[in-house]
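Chemist: Starting from these lines, generate the structure:
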Amino acid sequence: MDTRYIDAKEFLDTIYNNGWISSNQTRPFVTLTYAQSLDGMISKKGEQLLLSGPESMAMTHRLRLLHDGILVGIGTARIDNPQLNARHVLQTDLELYEQPRPIVLDNRLELPVDCKLLKNYSNGTGRKPWIVTTALSSNPAAKALIEAGAHLIHITEQEDRPSLETVFQVLKRQGIMRLMVEGGAKIIQSCLDSGCLDQLIVTTAPMFVGDGGIKAGTQARQLVNVSYRQFGQDMVLSAKSHNI
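Modeler: Residues are numbered from 1 along each chain as shown. I've put the predicted structure just below:
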């Protein structure tokens, strides 16, 4: 694991060595990262889809350690039951960095109270998860989630789903200066289409998903500062979009 992690660290240090400069000062510096298959699929509806190999996984966990928070949607939180922390890293780096804050977009407060995010917090192995929601505090699920250890951040919007720009602005006001967006598909698509990102890191795995797969899907966008690195059998692309 040490060799994998050292390779990942060298790759990411090259990307971020110019500092964390956001294209929009009202939101955090946003890194969008996801894994895809050779046919461009990033997930399967209602199923967990594992694409990254152990080498690129080490890169992802190093990347997590560099950010203040990791954002996912409720679909990813329910299907994958992620921990959203840095585990496949060197112990010396764990002592230097604080674990990222797990953040879930959950407008209907559907996060299970027995999920890993809340279990990790209750047993002292993870940070208190934040839930960003438009649900009212009177929602019966709110009390259960708070008692299980979650912190709810309420966003008042006329629509059921607030824009990513609004969510990002709220998170910056809460102290999140470097945000890593991991999924799921709808959030990835919205992030790409809206241009609300500063750094893009995409892992391509040597496999085809075929029928039932969901593509990232985005409007035409030119990429700049493009670089590639092979990790095991996976190919990782790093880039910025032309408007950054």
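
Chemist: Pretty sure residue 222 sits against residue 241.
Modeler: Yes: counting by Cβ atoms under 8 Å, residue 241 is a contact partner of residue 222 at 7.0 Å. The C-beta positions use only the backbone N, C-alpha and C, and glycine is treated the same way.

Chemist: quick check, distance from the worst-scoring helix or strand of the chain on mean pLDDT to the centre of its chain.
Modeler: One helix or strand of the chain scores below all others by mean pLDDT, DSSP states H and E: helix 91-96, with a mean of 81. Here the centre of helix 91-96 is set off from its chain's centre by 21 Å, with Cα atoms, centre = their mean, to the nearest Å.

Chemist: which residues of the protein score low on pLDDT?
Modeler: Counting by pLDDT under 70, the chain has low-confidence residues at 1, 157-160, 218-220, 242-244.

Chemist: Helices of that one, residue ranges please.
Modeler: Applying DSSP state H to the chain gives helices spanning 2-16, 54-65, 74-80, 91-96, 116-122, 140-148, 164-173, 185-194.

Chemist: With residue 24 as the reference, name the closest of those.
Modeler: Nearest to residue 24 among the helices of the chain is helix 164-173 (8.2 Å), distances taken as Cβ to Cβ.

Chemist: re earlier: of residue 222 and residue 241, which one has the most company?
Modeler: Applying other Cβ atoms under 10 Å to residue 222 and residue 241 shows that residue 241 carries more neighbours, namely 19 against 10.

Chemist: neighbours of the closest residue to that one other than its chain neighbours, just the number please.
Modeler: The spatially closest residue to residue 241, leaving aside those adjacent along the chain, is residue 221, at 5.2 Å (Cβ to Cβ, 6 or more residues apart in numbering). Residue crowding around residue 221 was assessed by other Cβ under 10 Å; the count is 13.

Chemist: for the one 5 residues further on, same thing?
Modeler: Number of residues near residue 226 (other Cβ under 10 Å) recorded here: 11.

Chemist: Repeat that for residue 13.
Modeler: For residue 13, using other Cβ under 10 Å, the count is 11.

Chemist: shared neighbours, residue 222 and residue 241?
Modeler: Here residue 222 and residue 241 share no contacting residue, scored by Cβ atoms under 8 Å, 6 or more residues apart in numbering.

Chemist: do you know how far residue 232 is from residue 104?
Modeler: 29 Å (Cβ to Cβ, to the nearest Å).

Chemist: So between the two, which is more surrounded?
Modeler: residue 104 (26 against 17).

Chemist: For beta bridges, what are the partners of that one?
Modeler: residue 72, residue 131 (DSSP bridges).

Chemist: pretty sure it contacts residue 77?
Modeler: Yes: counting by Cβ under 8 Å, residue 77 is a contact partner of residue 104 at 4.9 Å.

Chemist: For these two, list the residues in contact with both.
Modeler: Residues touching both residue 104 and residue 77 (Cβ under 8 Å, 6+ apart) are 111, 117.

Chemist: Relative to residue 203, which of the helices of the chain is closest?
Modeler: helix 54-65 (4.8 Å).

Chemist: Which positions within that closest one qualify as buried?
Modeler: 55, 56, 57, 58, 59, 60, 61, 62, 63, 64, 65 (16 or more other Cβ atoms under 10 Å).

Chemist: name the helices or strands packed onto that helix?
Modeler: helix 2-16, strand 29-36, helix 91-96, strand 199-204, strand 223-231, strand 234-241 (3 or more Cβ pairs under 8 Å, 6 or more residues apart in numbering; DSSP states H and E).

Chemist: Now do the residue nearest to residue 241 against residue 240, distance only.
Modeler: Distance from residue 221 to residue 240, by Cβ to Cβ: 10 Å.

Chemist: I'd like to check which residues are in contact with residue 74.
Modeler: Residue 74 touches 104, 105, 106, 107, 108, 110, 111, counting by Cβ under 8 Å, 6+ apart.
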